[in-house]
Every structure is written in C-alpha cells, then in structure tokens.
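>>> Attaching a predicted model along with its sequence, questions to come.
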Amino acid sequence: IAQLIEEPSGRTYYHNPSTGITQWDKPHGSVSVVQRMQQQERLQEAQEQQQQMQALLREQTRPRKVTDDQIVVAIKEILVTRPDVSSAQVTNTINEVNKL
C-alpha cells in the first residue's frame with residue numbers, strides 16, 4: 001500500500017515500498033488509514049446493530065409467561081361467554097397452562 005509522505009516544503013507524494021513506485025497523485029484504489037478506520041467503525045456499528053436486532057427478535061419470539069391475574073381474567077371471560085365449557089375443561093386448561 002502506498003504511503004503518504006510530506007516533503008519539508010509541505011508538498012505530499014505517495015510511495016509504495018513494495019513496488020518502489022513514487023507518484024504525486026494518490027494511487028487508484030488505495031485506501032488511507034483514516035478511510036480504513038472509518039470502514040472498520042461502520043462495519044462494527046453494523047455488526048452491533050445486527051446483534052441488537054437479533055436480540056430483539058429473540059425477545060419478541062420467546063414464549064411469554066402468563067400471570068395468575070391474566071389466567072383468572074381469561075377463565076372468568078370463558079365462563080361468562082361460553083356456558084358450553086364445563087368446569088372440568090377449564091380445570092384441564094389451567095393445568096396445561098401451569099405446565100408451561
């Protein structure tokens with residue numbers, strides 16, 4: 001990779017020690033240290049965002065625990081709106097929920 005070199009006069013040029021080429025203009029396709037650091041920072045930010053998205057997705061898709069209050073409300077609603085459901089069916093459902 002070409003190195004940026006500054007002369008005592010303040011002029012800058014590029015020198016590639018592996019090829020021995022020296023030139024005034026920035027070599028085509030070369031990436032400065034600052035650009036490389038910026039690319040690395042953007043990559044790291046993208047990876048962090050991806051990890052946050054994956055964590056959020058896991059949080060949203062994991063099974064949720066049902067509170068006792070939510071169970072009581074659901075049972076009351078079932079008993080009021082569904083007279084065809086027997087207390088034995090409600091008990092079986094409660095037992096299944098408690099296994100979760």
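In hand now; what should we look at?
>>> For the rest of this, base every contact and every neighbour count on C-alpha atoms.
OK.
>>> residues near residue 45, how many?
Using other CA atoms under 10 Å as the criterion, residue 45 is surrounded by 12 other residues.
>>> again with residue 15
Neighbour number of residue 15 under other CA under 10 Å is 19.
>>> Same check on the one 5 residues further on?
Around residue 20 there are 8 other residues, counting by other CA under 10 Å.
>>> Give me the distance between it and residue 94.
For residue 20, the distance to residue 94 equals 80 Å [CA to CA, to the nearest Å].
>>> before we move on, what about residue 46?
Spatial separation of residue 46 from residue 94 under the definition CA to CA is 45 Å.
>>> Residue 21 now?
Remark: distance between residue 21 and residue 94 (CA to CA) = 80 Å.
>>> Comparing the two, which shows the higher neighbour count?
Taking residue 21 and residue 94 together and counting by other CA under 10 Å, residue 94 has the greater number of neighbours (14 against 11).
>>> For stretch 72-89, buried residues please.
residue 75 (16 or more other CA atoms under 10 Å).
>>> do stretch 39-59 as well
Here stretch 39-59 shows no buried residue, counting by 16+ other CA under 10 Å.
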